[in-house]
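Novice: sequence first, predicted coordinates after that:
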Amino acid sequence: MTDLKVDVKNLVKNFGDNHVLKGINFEVANNEVVVLIGPSGSGKSTLLRCLNRLEDPTSGKIVIDGKDISDSKTNIDQARENIGMVFQHFNLFNNLTVEQNIALAPTELGKASKEEAADQAKKLLETVGLVDKYDAMPRSLSGGQKQRVAIARALAMKPDIMLFDEPTSALDPEMVGDVLAVMKKLAKEGMTMVVVTHEMGFAKEVADRVVFMADGKVVEEGKPTDVFEHPQNDRTKAFLEKVI
Ligand code: ADP
Ligand code: MG
């Protein structure tokens, strides 16, 4: 047994002639929080999307929880159930209530009865500080509230790992803190997390490791203090000068 949750070896992803991931090696340990940073277009979203096979890798190997998800014999739906994903644009089902959004996957996939799923939705809404929105429709929520519901919905499948792709980038500034607080709580509870974000404060405070990507490659990685205070690579330095 290995303590690695995610083990990516030599991951290559091309979109036609566009070589987006150029041989990525990327590991995430159990209970580790990794913050992935890098310029727009460097391939961060594509890497996350390959991790739960929203994109098919061109080549390379992706092992999650000991399962080779790049192997066509692996049941990808089953593997995906253990990987929660939160996007920049929440993607809630607008015709369902908050509770229904959260309870949908566990009931549809036979993981919980309707009552169990409803109970669990309430608990998850407590976790994200929105229990009073149980019966609300998504359109009545602010962006920050929607994103917290999206996190609760992802947690409803009891994932072993959570992937966040710029979860606060579409939010008004005053909403960002509430969403980051929920993510911080999850991290404290030991959730394994990969977070793409421009929130360097969050990275400094919560990340065990920061990975800097540029041009489809991992350029530099290390403890937040090392990467932020003593970047080694010129591209890391240039990027940090712009964002910090
Ligand atoms: P980042 O998240 O770091 O901004 P992305 O992974 O979104 O970077 O994009 C990296 C590159 O991959 C960009 O050049 C983008 O145009 C390209 N790309 C991403 N998704 C697709 C797709 N589905 N089809 C074609 N090109 C894509
Ligand atoms: Mg992106």
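Specialist: Received it, and whenever you're ready, just let me know what you need. Ligands and ions are numbered 1, 2, ... in the order given.

Novice: so for the chain, which residue is the most central one in space?
Specialist: Taking Cα atoms, centre = their mean, the centroid of the chain lies closest to residue 163, which sits 1.6 Å from it.

Novice: quick check: that residue touching residue 80?
Specialist: No. Counting by Cβ atoms under 8 Å, residue 163 stays clear of residue 80, with 10.8 Å between them. From N, CA and C alone the C-beta is placed, and that goes for glycine too.

Novice: touching both of these two, which residues are there?
Specialist: Counting by Cβ atoms under 8 Å, 6 or more residues apart in numbering, the contacts common to residue 163 and residue 80 are residue 52.

Novice: hang on, the earlier thing: packing partners for the helix or strand containing the residue nearest to the centre of the chain?
Specialist: If you go by DSSP states H and E, residue 163 is part of strand 161-165. Under the contact definition 3 or more Cβ pairs under 8 Å, 6 or more residues apart in numbering; DSSP states H and E, strand 161-165 sits against helix 44-51, strand 83-86, helix 143-155, strand 192-196.

Novice: just the pLDDT for residue 78.
Specialist: Looking at residue 78, its pLDDT reads 88.

Novice: over to the one 10 residues further on?
Specialist: Model confidence at residue 88, given as pLDDT, is 95.

Novice: burial of it, as a residue count?
Specialist: Residue 88 has 16 neighbours, counted by other Cβ atoms under 10 Å.

Novice: was I right about it contacting residue 166?
Specialist: Yes. The pair residue 88 / residue 166 is scored as a contact, 4.4 Å apart, by Cβ under 8 Å.

Novice: which positions in the chain make contact with ligand 1?
Specialist: 15, 18, 20, 38, 40-46 (Cβ under 6 Å from any ligand atom).

Novice: centre of the chain to the helix-or-strand element of the chain with minimal mean pLDDT, how far?
Specialist: Taking mean pLDDT, DSSP states H and E as the measure, the chain has helix 76-81 as its least confident helix or strand, at a mean of 89. Taking the mean of its C-alpha atoms, helix 76-81 sits 15 Å from the chain's own mean (Cα atoms, centre = their mean, to the nearest Å).

Novice: again with stretch 210-219
Specialist: Distance, centroid of stretch 210-219 to centroid of chain: 17 Å (Cα atoms, centre = their mean).

Novice: contact partners of it?
Specialist: 19-26, 34-39, 42-44, 47, 203, 220-224, 227-228, 231, 233, 235-236, 239.

Novice: recalculate using a threshold of 6 Å.
Specialist: The contact list for stretch 210-219, computed with Cβ atoms under 6 Å, 6 or more residues apart in numbering, reads 20-22, 24, 34-38, 42-44, 203, 220-221, 224, 227, 233, 235-236.

Novice: now stretch 137-145
Specialist: Against stretch 137-145 from outside (Cβ under 6 Å, 6+ apart): 92, 94, 146, 171, 175, 178-179.

Novice: with stretch 67-77 instead?
Specialist: 53, 57, 61-62, 79.

Novice: just the CA atoms of it, as CSV, please.
Specialist: Output of stretch 67-77 as CSV, limited to C-alpha atoms (Å, rounded to 0.1, in the frame of the first residue of the first chain):
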residue,chain,number,x,y,z
LYS,A,67,-6.6,2.6,-9.1
ASP,A,68,-5.2,3.2,-12.5
ILE,A,69,-7.8,5.5,-14.0
SER,A,70,-5.9,5.7,-17.3
ASP,A,71,-6.6,1.9,-17.7
SER,A,72,-9.7,1.3,-19.8
LYS,A,73,-10.5,-1.7,-17.6
THR,A,74,-11.0,0.6,-14.6
ASN,A,75,-14.6,1.5,-13.8
ILE,A,76,-14.3,5.2,-14.2
ASP,A,77,-17.8,6.0,-12.8
